[in-house]
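1. got a predicted structure plus its sequence, pasted below:
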Number of protein chains: 2
Amino acid sequence: MEFQERLNRYVEEIEQALDQYLTTFGCNGQEKIVEAMRYSALAGGKRLRPVLTMEFCRAVGGDPYAALPFACALEMIHTYSLIHDDLPCMDNDDLRRGKPTNHKVYGEGLAVLAGDSLLTYAFETAARGMNESDVTAQQAVEAIGILAHEAGYYGMIGGQVLDLAAEHQTLTYEELVNLQDKKTGGLIRAAAEMGCVLGYATEEQREAAKTYANRLGLAFQIQDDILDIEGDEAVFGKPIGSDEKSGKSTFPGLMGVETCRKMVQDLTDEAVCAVKTLPESDFLVQLAESLVGRKK
Amino acid sequence: MEFQERLNRYVEEIEQALDQYLTTFGCNGQEKIVEAMRYSALAGGKRLRPVLTMEFCRAVGGDPYAALPFACALEMIHTYSLIHDDLPCMDNDDLRRGKPTNHKVYGEGLAVLAGDSLLTYAFETAARGMNESDVTAQQAVEAIGILAHEAGYYGMIGGQVLDLAAEHQTLTYEELVNLQDKKTGGLIRAAAEMGCVLGYATEEQREAAKTYANRLGLAFQIQDDILDIEGDEAVFGKPIGSDEKSGKSTFPGLMGVETCRKMVQDLTDEAVCAVKTLPESDFLVQLAESLVGRKK
């Protein structure tokens, strides 16, 4: 199957599954929060993280559809993090993926709860995912442990904390790499590692997947920083110049856009190199390369 | 072992374990959030939910210490829910357990993240808890599924949503029972059910545990409502009269304090009756009875 066809199929499967997971709810006056959860979870986006979970499972020889519930769990966590990150007490953003942010539509109280609910439901989805496929309990627990680890204090939330503390401070390159390695890298690492666990990867394969995820995650963030400077707001879906406005340290701010463009290419090359040894690497290679120079 | 001695021992073990789970973190400028997590998680409290998890495991014939990581996970979720519930965009409370609320001390941004982090870390603690005891992967996944279910939209968060929607509205008795059955009942049910799963309970035992949890949860909430009217702020640890101030529907508001006192006793009797058939029920009976007429 061609890269684009497989990517489209993954995205379609993920969005269908998310749609189904998020409609199995009852009612009793609680409809508004399901609406708020769906508003952000089904607002499009690249679905990069869940695609990686499914593809890593396939790349090491597993069935990508066994990983689907875990891929959706990861995307729910990614979505909750955006909702909470946009809150007035955090980044205070009004626009996300070209639409008003969750709290702008549903109010702050419901936005906090919608985020909490997506985070909690992610773990329910993962824990029940075992029954929907032939994943073993051992694999499920291991995947849940990875997800919680990389989404939490040691990963994404740790990065958010550093981000919050760093506002209106100039970070060094090392500090910024550490921050982004957690904030953006955490869930991308979780995606790769969960796919490996669910596909019965060897230790070497799992190490290769982690290297790919680390390089890809950093390249992804640097490209995001570049787009925040010279992107097209209508395409990017977020306000341009928001980093500068909020006084955040960025890679282009530290080393200029041209150097950053080269870094994105170099990191992508390293990511590609890391996965060449996997049983199936074509898709992962093309995915990484397709993100270089992306406009959104 | 006498009731009070066993209770004290449980509480001590739970607080020691929480203290240890919340100090295994690294640093790198992230100390502040660990401090914020510890501030709320180690602020005392009855530890009712984790005690129930451990005791239900024992009451059906299991080793209560196998349930300790899951008990701590549950208490972390209870703690996060208090932090988020106290936020200005939710109940906007300044005082909790006699101390300033989390956001009053650490600011709203960090309070949101400390809550998110406790919720996420709860699932990491549960997923890794398997390795610390002889819990099987199957038991761990089942316990995690129960925890996420009762903490989420179907349980506690569902109750929070109803609570948020009901401000300045008068609920019917049925609506208030439904709200509290989720908001307070959710985690108490999770406590009982997780203990049962980890102790290899039979289906009948699990049903008995759920009945106990449902009755105890409702009795607990009604007693809380009574204390909000006639409690001693210094003992209760929360401002008295806050429900009336925020225009919340309460059980005493609907049916008067005297009727409520009788309900607490009746529900407790039903809870006690439900667990009489378990291999060990003395502790659960005494625990339920000790909560009737509590002052804090």
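-> Perfect, I can see it now.

2. pLDDT (mean, whole number) over the longest helix along chain A?
-> Longest helix in chain A, counting residues (DSSP state H): helix A:203-230. Per-residue pLDDT values over helix A:203-230 give a mean of 95.

3. and whichever helix or strand comes after it, which residues are buried?
-> Scanning forward in sequence from helix A:203-230 by DSSP states H and E, the next helix or strand is helix A:233-236. Buried positions in helix A:233-236, judged by neighbour count with 16 or more other CB atoms under 10 Å in any protein chain shown: A:Phe236. Backbone N, C-alpha and C define where each C-beta goes, glycine included.

4. beyond helix A:233-236, next helix or strand please.
-> helix A:242-245.

5. which other helices and strands does that next one contact?
-> Packing partners of helix A:242-245 (3 or more CB pairs under 8 Å, 6 or more residues apart in numbering or on different chains; DSSP states H and E): helix A:203-230.

6. could you pull out the buried residues of the helix it packs on?
-> Buried, per 16+ other CB under 10 Å, within helix A:203-230: A:205-206, A:208-228.

7. contacting residues around A:Phe236?
-> When contacts are counted by CB atoms under 8 Å, 6 or more residues apart in numbering or on different chains, A:Phe236 touches A:Leu227, A:Asp228, A:Lys295, A:Lys296.

8. need the residue closest to the centroid of chain A.
-> A:Arg49 (4.5 Å; CA atoms, centre = their mean).

9. work out for me the element that residue sits within.
-> helix A:48-59.

10. now the angle from that helix to helix A:203-230?
-> 150 degrees (axes from the mean of the first three to the mean of the last three CA atoms, to 10 degrees).

11. follow-up on the earlier one: in TSV, list the contacts of A:Phe236 along with distance to chain B.
-> Converted to TSV, those look like this (distance: CB to the nearest CB, whole Å):
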residue	distance to chain B
A:Leu227	25
A:Asp228	21
A:Lys295	31
A:Lys296	27
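
12. got CSV for those, with distance to A:Met156 too?
-> CSV is the format used below for the contacts of A:Phe236 (distance: CB to CB, whole Å):
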residue, distance to A:Met156
A:Leu227, 20
A:Asp228, 19
A:Lys295, 25
A:Lys296, 21
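
13. out of those residues, the closest to A:Asn8 would be?
-> A:Lys296 (16.3 Å; CB to CB).

14. which of the residues in the helix or strand harbouring A:Glu258 are buried?
-> Assigned by DSSP H and E, A:Glu258 belongs to helix A:257-275. Of all the residues in helix A:257-275, those buried under the rule 16+ other CB under 10 Å are A:Cys260, A:Arg261, A:Met263, A:Val264, A:Leu267, A:Thr268, A:Glu270, A:Ala271, A:Val272, A:Ala274, A:Val275.

15. and the closest residue to the second one other than its chain neighbours, what does it touch?
-> When you say that, I think you mean A:Arg261. Nearest non-adjacent residue to A:Arg261, counting by CB to CB, 6 or more residues apart in numbering or on different chains: A:Ile226, 6.9 Å away. Taking CB under 8 Å, 6+ apart as the contact definition, A:Ile226 lies against A:Phe251, A:Pro252, A:Val257, A:Cys260, A:Arg261, A:Val264.

16. repeat the analysis, applying 6 Å as the threshold.
-> A:Ile226 is in contact with A:Pro252, A:Val257, A:Cys260, counting by CB atoms under 6 Å, 6 or more residues apart in numbering or on different chains.

17. kindly report the same for A:Phe220.
-> Contacts of A:Phe220 (CB under 6 Å, 6+ apart): none.

18. measure it to chain B for me?
-> 22 Å (CB to the nearest CB, to the nearest Å).

19. coming back round to it: which one of the contacts of A:Ile226 sits closest to B:Tyr106?
-> A:Pro252 (31.6 Å).

20. can I get stretch A:31-39 as CSV, trimmed to CA atoms?
-> Output of stretch A:31-39 as CSV, limited to C-alpha atoms (Å, rounded to 0.1, in the frame of the first residue of the first chain):
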residue,chain,number,x,y,z
GLU,A,31,-24.7,15.9,27.3
LYS,A,32,-22.8,19.2,27.4
ILE,A,33,-19.6,17.7,28.5
VAL,A,34,-19.7,15.0,25.9
GLU,A,35,-20.2,17.8,23.4
ALA,A,36,-17.2,19.6,24.8
MET,A,37,-15.0,16.5,24.7
ARG,A,38,-16.1,15.8,21.1
TYR,A,39,-15.6,19.4,20.1
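
21. related to what we said a few turns ago, dump the contacts of A:Ile226 to TSV, plus distance to chain B and pLDDT.
-> TSV is the format used below for those (distance: CB to the nearest CB, whole Å; pLDDT from 0 to 100):
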residue	distance to chain B	pLDDT
A:Pro252	23	93
A:Val257	27	93
A:Cys260	24	95
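
22. one step back: let's see the helix holding A:Glu258 as CSV, backbone CA atoms only.
-> Presented in CSV, the C-alpha positions along helix A:257-275 are these (Å, rounded to 0.1, in the frame of the first residue of the first chain):
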residue,chain,number,x,y,z
VAL,A,257,15.3,30.3,11.3
GLU,A,258,17.9,29.1,8.8
THR,A,259,19.8,27.0,11.4
CYS,A,260,16.5,25.6,12.6
ARG,A,261,15.5,24.5,9.1
LYS,A,262,18.8,22.6,8.9
MET,A,263,18.2,21.1,12.3
VAL,A,264,14.8,19.8,11.3
GLN,A,265,16.4,18.1,8.3
ASP,A,266,19.2,16.6,10.3
LEU,A,267,17.0,15.3,13.1
THR,A,268,14.7,13.8,10.4
ASP,A,269,17.6,12.1,8.8
GLU,A,270,18.6,10.6,12.2
ALA,A,271,15.1,9.5,12.8
VAL,A,272,15.0,7.8,9.4
CYS,A,273,18.3,6.1,10.0
ALA,A,274,17.2,4.7,13.3
VAL,A,275,14.2,2.7,11.9
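
23. which strands and helices sit next to whichever helix or strand comes after that helix?
-> Toward the C-terminus, helix A:257-275 is succeeded by helix A:282-291 as the next helix or strand (DSSP H and E). Helix A:282-291 sits against helix A:3-21, helix A:257-275, with contacts defined as 3 or more CB pairs under 6 Å, 6 or more residues apart in numbering or on different chains; DSSP states H and E.

24. recalculate using a threshold of 8 Å.
-> helix A:3-21, helix A:48-59, helix A:203-230, helix A:257-275.

25. count the neighbours of A:Ser117 for me.
-> A:Ser117: 30 surrounding residues under other CB atoms under 10 Å in any protein chain shown.

26. that one sits in which helix or strand?
-> Using DSSP H and E, A:Ser117 falls in helix A:108-132.

27. mind giving me the packing neighbours of the following helix or strand past that helix?
-> Next helix or strand after helix A:108-132 toward the C-terminus (DSSP H and E): helix A:137-151. When contacts are defined as 3+ CB pairs under 8 Å, 6+ apart, helix A:137-151 packs onto helix A:68-85, helix A:108-132, helix A:185-198, helix B:108-132, helix B:137-151.

28. what does the stretch 151-296 of chain A have sitting close to chain B?
-> A:Ala151, A:Gly152, A:Tyr153, A:Tyr154, A:Ile157, A:Gly158, A:Gln160, A:Val161, A:Leu162, A:Leu164, A:Ala165, A:Asn178 (CB under 8 Å from any CB of the partner chain).

29. would CSV of those residues with secondary structure and distance to A:Pro279 be doable?
-> Shown next, in CSV, are those (DSSP: H, G, I helix; E, B strand; the rest coil; distance: CB to CB, whole Å):
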residue, secondary structure, distance to A:Pro279
A:Ala151, helix, 28
A:Gly152, coil, 31
A:Tyr153, coil, 34
A:Tyr154, coil, 30
A:Ile157, helix, 34
A:Gly158, helix, 33
A:Gln160, helix, 36
A:Val161, helix, 38
A:Leu162, helix, 37
A:Leu164, helix, 41
A:Ala165, helix, 42
A:Asn178, helix, 33
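
30. now the two most distant members of those.
-> The farthest-apart pair in these, when distances are taken by CB to CB, is A:Ala151 and A:Ala165, at 19.2 Å.

31. these two: which is more packed in?
-> A:Ala151 (30 against 16).

32. shaky segments in the stretch 1-150 of chain A?
-> A:24-29 (pLDDT under 70).
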